[in-house]
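Enquirer: What follows is a predicted structure for the sequence shown.
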Amino acid sequence: MLLATVLTLPSLALGQAPAISIRAGTVLDGRGGVVRNTTIVVAGSRIARLDPAIMTVTYDLSRLTIMPGGIDTHVHLTSHFDANGRAHNDPGGAERLQQTVLYTEENAYQALMAGITTVQSIGSTLDRDLRDAIARGIIPGPRVITSLDWITPADGDADGLRRAVRQRVAAGADVIKILGSKSIREGGGPTLSEDELRAACGEAKANGRRCVVHAHAAEAARRAVLAGATSIEHGVLLDEATLDLMAEQGTFFDPNLYLVFQNYFDNKARFLGMENYTEEGFAQMHRAVPLVLNVFRQALRRPKLRVVFGTDAVAGAFGKNWEELIYRVQVGGQPPMDAIVSATSLAARSLALADTIGAIAPGFEADLIGIDGNPAEDITALRRVVFVMKGGTVVKNVAPRPQ
């Protein structure tokens, strides 16, 4: 699909900041469209227009492919390796809070430098302060959307779950995260009944929040979909009937196929012995890899099923986020352009931000990345992000490879 050559937003009120112009050799608009040899004009934090006639520009990126910044819909920003090299998932313990905050910001910065300009972090209470500091422009990082703490069976019966949802909303949660199944390291079985999930998801909706549900088992996902979940996270054990139901209901699917597992395997010694990271837990994760790959391939055969990009990034994985998308294309068989859309406009839609981020079009936030190569032709080009703009501010600009 070829977009119109000139896109304009004449009524955009963007203040008096001088415009920035970026000459692009190829633009992937995030919706499946391609534009060649045009200039993106940015005023303030937003895209004002695309105009091929403008040749005198602020940044000449005519050798690069420009696309919207990546949107990773599932990360855990506070997870990190501590001073002893051990995995540390939550604030507290022997580590000082100041250290946790700095490690968390380091994760955010690594994701931003890789070209991930928005993350949904689900979740930790500490995410809130990082989200707000980044939004104020105090520190660099991707736009952060957070659930704060999860909703779990420990929150009680239906009334307790509703109360917990209200508490998260009052504390500033952007989205509600619910533990609908056990960890895959514990078999992934359901943890909440359909009525309990309906209570939690209903309360989230009543408070204007989306509801994402951690669900591995098919039954756990089925209950969550019928209860009104916005998205199903993980889904290692889903069956075809549940995938059909998700497609029919318009539920987003956020499978995590590769990065999270490979990162655990590469760093096993750092995780082993913490929580449910046991030898049996690692064996369960090894068994999960081919299972979730098969689920992903089945999902791709359902055009109505909205499969988005999420990595479940934890300690050690930040900055490597695109490896998940590369795996989906090279091993999972997803067409490269579909994969790019899943990490841009479709991911934005899953976050209820489809009119704000995830596309290169007038009025959208100027979250732009420049890639040495064209990921629509060679998905591994995503490893070569050399230019990053987030909200109209350039945060990375390095020379591409010599021609």
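Expert: It's in. Numbers count the residues shown, from 1 in each chain.

Enquirer: after the lowest-mean-pLDDT helix or strand in the chain comes which helix or strand?
Expert: When each helix and strand of the chain is scored by mean pLDDT, DSSP states H and E, strand 7-8 comes last, with a mean of 34. The C-terminal neighbour of strand 7-8 among helices and strands, as given by DSSP states H and E, is strand 20-28.

Enquirer: Paired strands for that next one, with orientation please.
Expert: Each strand that pairs with strand 20-28, with its direction, by DSSP bridges: strand 34-43 (antiparallel), strand 59-68 (parallel).

Enquirer: Kindly compare burial across those and name the winner.
Expert: A comparison of those by mean neighbour count, using mean count of other C-beta atoms under 10 Å, puts strand 59-68 on top with a mean of 23. Heads up, the C-betas are built off the backbone N, CA and C, glycines and all.

Enquirer: For stretch 19-29, buried residues please.
Expert: Buried positions in stretch 19-29, judged by neighbour count with 16 or more other C-beta atoms under 10 Å: I20, S21, I22, R23, A24, G25, T26, V27, L28, D29.

Enquirer: Look at the first one and report its pLDDT.
Expert: It refers to I20. Note on I20: pLDDT of 97.

Enquirer: That one and Y59 touch, don't they?
Expert: Yes: using C-beta atoms under 8 Å, I20 makes contact with Y59 at a distance of 7.2 Å.

Enquirer: what's the overlap in contacts for these two?
Expert: V394 (C-beta atoms under 8 Å, 6 or more residues apart in numbering).

Enquirer: follow-up on the earlier one: any chance of TSV for the strands paired with strand 20-28, columns mean pLDDT and distance to I178?
Expert: Below are the strands paired with strand 20-28 laid out as TSV (pLDDT from 0 to 100; distance: least, C-beta to C-beta, whole Å):
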stretch	mean pLDDT	distance to I178
strand 34-43	98	38
strand 59-68	97	29
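
Enquirer: Could you export these to JSON lines, including columns for distance to G391?
Expert: Formatted as JSON lines, the strands paired with strand 20-28 follow (distance: least, C-beta to C-beta, whole Å):
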{"stretch": "strand 34-43", "distance to G391": "10"}
{"stretch": "strand 59-68", "distance to G391": "12"}
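
Enquirer: so which of the ones you listed comes closest to G160?
Expert: strand 59-68 (39.9 Å; C-beta to C-beta).

Enquirer: And the contacts of that closest one?
Expert: 20-30, 37, 40, 117, 340, 344-345, 357-360, 364, 367-376, 381, 386-387, 394, 397, 400, 403.

Enquirer: Give me the distance between the nearest residue to I116 once chain neighbours are set aside and V386.
Expert: Nearest residue to I116, sequence neighbours excluded (C-beta to C-beta, 6 or more residues apart in numbering): G70, at 4.4 Å. Using C-beta to C-beta, to the nearest Å, G70 is found at 14 Å from V386.
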